[in-house]
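In: give me the fold of what follows.
(2 chains)
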Amino acid sequence: MLSLYAYNIIFTVLAMLAPLAAWALARPTKIARRGNTAAAHILTQAQEQASKVLHEASMKAQHIITSTQALKEDTEQAAQERFREGVDHAHTEIKKMLERVQVHTEHELQESTEHLTSILAEHVARLTNQLLRRTMAIERAMNEQAKSEQAQFHTELATLKEQTRRRYEERLQEKLPSILRTIVGHTLTTTDHEQLIREALRNMEYELLPKKTPHESLSTQQKSTAS
Amino acid sequence: MNLSQHNKNPLHLSALVDPVMTSEAVHERAQHIEQALELLFETQGSTVKKLKAALSYDEYHHLKAYSETYRLNLNNASEVQRVLRALKEYITRLPTIKLVIAYTPRQAFVEEITHWLTTHVPTPLLLEITPDPCIVGGAVVSFRGKQYDFSLNRKLNEHMRESDDDSSTR
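Out: A predicted model of the protein is given here:
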């Protein structure tokens, strides 16, 4: 593979030879004029040689271009391969790094979780103890209150019983007359009623009879005494 | 029969009534008298027949006995009308004795009361019996504008009042 410097030199030489080739191509006329066949022959040979050189140079240039193209393609391919290799390598490295990071993170996470769990467990235990103590205190207070309420309840119950008994007696006293009347009314027979009415009429006899004057009463008494 | 000593009616209408009449009997008698007066108002027909048609058997025979005693001509419609009108007013103005008792009495007992009143009270008078279970037993008698309470209700009240006084003094 030729470098660019080589290509530069080749093309410079070719460029230098080009005027020469042009002069050589123009010289046959002059030579012909002078009538020198050998010179014309040499010139023709020189022309042919220049053409050959040009042809070879162009062939070489073409070959160089082709080679350069191939090289370029190879370079590109190699570059691509290297790029691909680089990417793959980078992928692998990144993957490894991620795995390391993941492992590290998981490890950290586990440690943090364990740490937090232990802290929480301590909190819970402390709070549970507090709750237990407070619950027992509340229970004691409630028991005492229940006892006092029970005592109060019994007192109120006794008072209520007494009030109810008194109210019942009062109501009974109020209702007793009507109850008594109802019982008596249902107990009395027709004969009892008739007897009571007769008694009432006898009591009324004095009121129903005409009133006597005191003189009439006295004379009635004297008559009865005399008899 | 103890006839009223204070009967100032010249027609002697007390002879035409029972000594004690119940309010139902007075009401019935008044109706019969009214029927008789309506019949007598018609000019045709015998007065005696009309009386027999309107009055009950006892009522007619009472009237007949009265006519013989006090010389009432039963064939004279106007005389009979006068007596009947006077009788109707007389029986509705009879003095009333009201008896409130605790039950509805048998007819036999009503007759017993009637008989007792006849022998112990100036008659004739109107007997009004009213049943009222509230008095429990006995009777509440109203006569001459006064009321006499001989009911069991009053006795029970007095008894309970005495019991309350006794329990309060203890």
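In: count the neighbours of residue 62 for me.
Out: Just so you know, I chose chain A. Residues within reach of residue A:62, counting by other Cβ atoms under 10 Å in any protein chain shown, total 10. (C-beta placed from N, C-alpha, C; glycine too.)
In: wait, chain B
Out: 18.
In: the one 10 residues further on now?
Out: Residue B:72: 16 surrounding residues under other Cβ under 10 Å.
In: for residue A:63, same thing?
Out: 12.
In: all strands for chain A, in order.
Out: Taking DSSP state E as the criterion, chain A carries no strands.
In: near chain B, which residues of it?
Out: Neighbours of chain B within chain A, by Cβ under 8 Å from any Cβ of the partner chain: A:173, A:176-177, A:180-181, A:184-185, A:188, A:190, A:192-194, A:196-201, A:203-205, A:207-210.
In: tell me the secondary structure at whichever residue of chain B sits closest to chain A.
Out: Nearest residue of chain B to chain A: residue B:150, at 3.5 Å (Cβ to the nearest Cβ). Put simply, residue B:150 is strand when judged by DSSP: H, G, I helix; E, B strand; the rest coil.
In: up against chain A, what does chain B have?
Out: Residues of chain B that fall close to chain A, judged by Cβ under 8 Å from any Cβ: B:97, B:99, B:101-103, B:105-106, B:109, B:112-113, B:116-117, B:120-122, B:133-134, B:136-139, B:141, B:143, B:146, B:148, B:150-153, B:156-157, B:160, B:164.
In: in helices, which of those residues appear?
Out: B:109, B:112, B:113, B:116, B:117, B:120, B:152, B:153, B:156, B:157, B:160, B:164 (DSSP state H).
In: now these in CSV, with neighbour count and pLDDT?
Out: What follows is those, written out as CSV (neighbours: other Cβ atoms under 10 Å in any protein chain shown; pLDDT from 0 to 100):
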residue, neighbour count, pLDDT
B:109, 18, 94
B:112, 16, 93
B:113, 22, 93
B:116, 16, 90
B:117, 21, 89
B:120, 15, 84
B:152, 23, 91
B:153, 22, 90
B:156, 18, 86
B:157, 15, 85
B:160, 14, 82
B:164, 11, 76
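In: redo these as CSV? Include distance to residue A:127.
Out: Formatted as CSV, these follow (distance: Cβ to Cβ, whole Å):
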residue, distance to residue A:127
B:109, 96
B:112, 100
B:113, 98
B:116, 102
B:117, 103
B:120, 105
B:152, 83
B:153, 80
B:156, 78
B:157, 77
B:160, 74
B:164, 71
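In: okay, now the unreliable bits of the chain?
Out: The chain I'm using is chain A. The model of chain A has pLDDT under 70 over residues A:1-8, A:15, A:18-19, A:21-22, A:24-36, A:207-227.
In: meant chain B, my bad for not saying
Out: B:1-10, B:170.
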